[in-house]
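**Student:** Kindly return the folded structure for what I paste below:
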Amino acid sequence: MDAQCARLAGYAVPTYEAAAGSVWYHFLHGNVPGHQIDFMYRPDVPQGALTRQHFSHLARLVKYIEPRAGSAYAFAIGNLSRDDTQYEAGRGGVALIFGLRIRGAKDHAGRQDPPFSHAAAAIGRHLDEATLLEASLAFYHKLLPDEESQAEGSGWYHTYVRHAENRHALAPLLRAYTSDFDDLPAPRSSGLGLRWTAEKVTQPKRIVIAYPDRTAFAAIACCAARIAAVLVESDIRWTVISNGREADVPGGVSVRLLPVRDLGPEEETVIRLEDVPAEPEAIARQLFGAEPVRASRIPEMRMGWRQLYARDAEETRNSGEAITVQIREGFEREPRKSETGTNLAVGTAADGGPRRSKATVFAWVGLCVALAIGGAVAAVAVRGGERRLPDEAMRGVSAAAPTVRVESEPAAVAASAIAPPAVETSVPVAAASASAVGAESAKVGPRAPAPRAATRKKRVFDATPDFRR
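**Tutor:** From the prediction side, this is the model:
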């Protein structure tokens, strides 16, 4: 027991550094003799375009992929950029994964037919439908080239078990195995982008595509590649396209390709393999409710929030500078008169006549606003300078007011009923004071000025100015 614990504590996953320009990163996962089910071989992480986030998503898919009963393999196309905040459609990480059961072998606990899986991941590559299909078929024929390897799962694994205890022989064996896949199709750097959007559509958690029993791998891979090509160029949160029997990965859309015999009553969205559309637009609409992205929105949807914020700030600054320049140019230009005698901004229309420019419009708007503000300030100042008239002056004004005559008594009663309350009248100081003082002088002659009323100290909390000093 102590020896077994020592072996478990001392195991270190063999890793490798990919050569410069490598397209595919290979991950081997399965039963390690004397240890447990773990990674058998993988690249160093991070490395090149491969990040820890890519590795985290791939590890979840590789560990649990499982062939269905009666099938020699499970095949999946996995999305490694589902939660990447810097993800750009068409440039994420995609993995091709095969899951097998090794016939005739036992795992570390003595269980028959231990699992083995091999994944090849590509980051930021041009993975359209044709490239995905070509790579999937080449991968399949390399891993399971004949009926014997399909029956055993992978004949190479038995060789690995024999050399697992010899570390000096194990490293060359692992390198030789992965180098056998160097001739997989090598797609160029991605030139794909956001083509389909489903931002306003709630996606189902699971879409099932049913295929007849004994369907060839080429037909399954063709359907999976066709759907994956649409998802790679979309903003849909998808996790995996698989024909295995492992559980769905939470947090996104899973596409399951199931044989008809394995369909259960709980399956809601089921599409037959022959009914899957051939055109990408039809796949986007019918399976995911996605729509083509307008060409005018593609640059905007590729931007992150920092780029969008910087762009909006730049546009605001440029528009403000343009308005300032237009107003300044409008004032500097000398207006001229048109044939109708109206002052227009300097400029000539296509027919040779004068035209009104935007700079002049802005200049006139600014002038009108200034005049309106000035008029409001002057009105407030004049109204504040009015003084309350003496009682004699008010009597003079009241005596000069016209008298309204009522012809009948009922009309007089009605007029008195609806008459508004008396309102104190304020007239300009110069006119009212002159008339009132002239009338008083004619009656009594000159008199001594009235004593000045005692002034009180103005308090800070007075609501209105006091003009009775």
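
**Student:** CA only for contacts and neighbour counts going forward, please
**Tutor:** Noted.

**Student:** What lies in contact with stretch 246-253?
**Tutor:** Taking contacts as Cα atoms under 8 Å, 6 or more residues apart in numbering, the residues outside stretch 246-253 that touch it are 64-66, 82, 203-207, 236-240, 254.

**Student:** out of those, which are buried?
**Tutor:** Applying 16 or more other Cα atoms under 10 Å to these, the neighbour count classes 64-66, 82, 203, 205-207, 236-240, 254 as buried.

**Student:** Now do the contacts for the closest residue in space to Ala221 that isn't next to it in sequence.
**Tutor:** Nearest non-adjacent residue to Ala221, counting by Cα to Cα, 6 or more residues apart in numbering: Leu133, 6.2 Å away. Applying Cα under 8 Å, 6+ apart to Leu133 gives the contacts Ala221, Cys222, Ala225.

**Student:** Run through the chain and note the low-pLDDT ranges.
**Tutor:** Applying pLDDT under 70 to the chain flags the ranges 1-9, 151, 295-312, 315, 317-361, 378-469.

**Student:** quick revisit: so of the buried ones among the contacts of stretch 246-253, which ones are in helices?
**Tutor:** Tyr64 (DSSP state H).

**Student:** Could I get the buried ones among the contacts of stretch 246-253 in JSON lines, plus columns for distance to Ala313?
**Tutor:** Output for the buried ones among the contacts of stretch 246-253, formatted as JSON lines (distance: Cα to Cα, whole Å):
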{"residue": "Tyr64", "distance to Ala313": "48"}
{"residue": "Ile65", "distance to Ala313": "48"}
{"residue": "Glu66", "distance to Ala313": "52"}
{"residue": "Arg82", "distance to Ala313": "30"}
{"residue": "Gln203", "distance to Ala313": "34"}
{"residue": "Lys205", "distance to Ala313": "39"}
{"residue": "Arg206", "distance to Ala313": "42"}
{"residue": "Ile207", "distance to Ala313": "43"}
{"residue": "Ile236", "distance to Ala313": "30"}
{"residue": "Arg237", "distance to Ala313": "30"}
{"residue": "Trp238", "distance to Ala313": "34"}
{"residue": "Thr239", "distance to Ala313": "36"}
{"residue": "Val240", "distance to Ala313": "39"}
{"residue": "Ser254", "distance to Ala313": "40"}
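
**Student:** In strands, which of the buried ones among the contacts of stretch 246-253 appear?
**Tutor:** Among the buried ones among the contacts of stretch 246-253, DSSP state E puts Arg206, Ile207, Trp238, Thr239, Val240, Ser254 in strands.

**Student:** for those residues, which one is nearest His108?
**Tutor:** Comparing those against His108 with Cα to Cα picks out Val240 as the nearest, at 29.3 Å.

**Student:** Skipping its backbone neighbours, what lies nearest that closest one in space?
**Tutor:** Gly78 (4.4 Å).

**Student:** One more: Gly30?
**Tutor:** Gly30 sits nearest to Phe116 (Cα to Cα, 6+ apart), 4.3 Å away.

**Student:** Repeat that for Leu174.
**Tutor:** Per Cα to Cα, 6+ apart, closest to Leu174 is Tyr41, 7.2 Å.

**Student:** Val232 now?
**Tutor:** Gly90 (5.3 Å).

**Student:** That neighbour falls within a strand, correct?
**Tutor:** No - using DSSP: H, G, I helix; E, B strand; the rest coil, the assignment for Gly90 is coil, not a strand.

**Student:** For Gly264, see how far away it is.
**Tutor:** The spacing between Gly90 and Gly264, counted by Cα to Cα, to the nearest Å, is 34 Å.

**Student:** okay, the two: which has more neighbours?
**Tutor:** Shown here are Gly90 and Gly264; by other Cα atoms under 10 Å, Gly90 has more neighbours (24 against 8).

**Student:** Is the more buried one in contact with Ser190, as I believe?
**Tutor:** Yes - using Cα atoms under 8 Å, Gly90 is in contact with Ser190, at 6.7 Å.

**Student:** Pull up the overlap in contacts between these two.
**Tutor:** Residues touching both Gly90 and Ser190 by Cα under 8 Å, 6+ apart: Gly124, His126, Leu127.

**Student:** Export the residues you listed to a markdown table and append columns for secondary structure.
**Tutor:** Supplementary listing: these in a markdown table, determined by three-state DSSP:
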| residue | secondary structure |
| --- | --- |
| Gly124 | coil |
| His126 | coil |
| Leu127 | coil |
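
**Student:** ranking those residues by neighbours, who comes first?
**Tutor:** Top of the shared contacts of Gly90 and Ser190 by neighbour number is Leu127, holding 29 neighbours under the definition other Cα under 10 Å.

**Student:** Next, the contact list for that residue, please.
**Tutor:** Counted by Cα under 8 Å, 6+ apart, Leu127 has contacts Gly90, Pro187, Ser190, Ala229, Val232.

**Student:** Which residues are in contact with the last one?
**Tutor:** Residues touching Val232, when contacts are defined by Cα under 8 Å, 6+ apart, comprise Ala89, Gly90, Arg91, Gly92, Leu127.

**Student:** gap between it and Ala282?
**Tutor:** According to Cα to Cα, Val232 stands 15 Å off from Ala282.
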